[in-house]
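Student: Would you be able to build a 3D model of this:
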Amino acid sequence: MDSIWMKIALGAVALVVGVVVVGHFMSGEPASTSQVAVEDEKPKTFDDMAERDKQFGEQPKAVEPEPAPDPPAAQPAEPAPREPAQPVAQQPVRQPSGVVLPSSITGATTLYFKPLGEIDDLEAQRLMPVTTAARSIGRLPVTHFKLMVDGCRQILRRWPDSWYAFRAKQMLEEMPERFWRSYKVTEEELDISKFLKQRPGTQPHTVEPVR
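Tutor: Just a heads-up that it's a prediction; the model follows:
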C-alpha cells in the first residue's frame with residue numbers, strides 16, 4: 001500500500017513540475033514578442049492621422065531642368081555622297097488610357113501641373129488647409145466629409161490643372177467608399193491620367209505617395 005501511495009505522490013509531483021516548466025516557457029520571450037506585435041498593430045490616434053493629413057497640403061517638388069550638354073568640338077569630315085531621303089517611320093506615342101487613381105502612385109513619380117497666378121495661388125493656399133482639416137474632422141464620430149468634399153470640388157472646378165487639384169483627388173479617393181456613393185463622387189473626380197503627360201503650360205513635379 002505504501003508503495004502505491006508513493007507512486008501516486010511521485011506522479012503528482014512530476015505533474016506539478018511539468019505545469020511549472022510549461023508555464024515558464026509560455027510566459028517567456030514568445031509572449032513578449034507577441035505583445036510587441038499587438039502594440040505595433042494599434043490603430044493610430046486622431047492626432048497621428050491629422051498630422052498625416054497635412055501632407056495633402058504639401059506642394060510637390062518641381063523638377064529642375066537638366067543643364068544642356070556642351071556641344072561637341074567640330075571635327076573635319078569628308079563629305080558623304082548624297083542619297084535620296086528616306087521617310088522616317090514615326091513611332092506612336094503611348095498615352096495612358098482609362099481611369100488612373102491617385103493610389104497608383106507608389107513611388108516617386110513625375111506629374112505635370114500648371115502653375116497658378118499670384119491671386120489664384122493665394123486663394124488656393126487659403127482653401128487647402130480648410131479642406132485638409134475637414135478631412136481630419138470627418139473621421140470623428142457623428143461627423144461627415146461634406147466640408148472636405150465641397151472644398152475638393154471647389155479646387156477641381158477652379159484650378160483643375162494645378163497640383164492642388166491632384167491633392168483634392170487624393171483626398172476624395174482616400175475617403176471611405178461608402179461616402180463615394182453618398183456624395184456621388186465620379187470617376188472623373190478621381191482620375192489623374194491627365195497629370196501623367198505633359199500638356200501646354202505645364203511643368204514637371206516629383207510626387208511622392210502620402211506616407
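Student: what about Ile137, how many neighbours?
Tutor: By other C-beta atoms under 10 Å, 16 other residues sit near Ile137. In short, each C-beta sits where N, CA and C put it, glycine included.
Student: Quick one: residues contacting Ala124.
Tutor: 116, 155, 158-159, 162, 164 (C-beta atoms under 8 Å, 6 or more residues apart in numbering).
Student: you'd agree Gly98 is up against Ser193?
Tutor: Yes. Using C-beta atoms under 8 Å, Gly98 makes contact with Ser193 at a distance of 7.1 Å.
Student: of those two, who's got more company?
Tutor: Legend: neighbour count by other C-beta under 10 Å for Gly98 and Ser193, higher for Ser193 (14 against 7).
Student: The closest residue to the more buried one other than its chain neighbours - how many residues pack around it?
Tutor: Take Ser193 and drop its neighbours on the chain: the residue closest to it by C-beta to C-beta, 6 or more residues apart in numbering is Val100, 4.2 Å away. Counted by other C-beta under 10 Å, the residues lying close to Val100 total 17.
Student: so where is the protein shaky, pLDDT-wise?
Tutor: Counting by pLDDT under 70, the chain has low-confidence residues at 1-43, 46-47, 49-51, 53-54, 57, 65-97.
Student: any chance you could map the strands in the chain?
Tutor: 61-62, 109-113, 203-207 (DSSP state E).
Student: Name every strand pairing with the first one and say which way it goes.
Tutor: To tie it back to what came earlier, the one meant is strand 61-62. strand 203-207 (antiparallel) (DSSP bridges).
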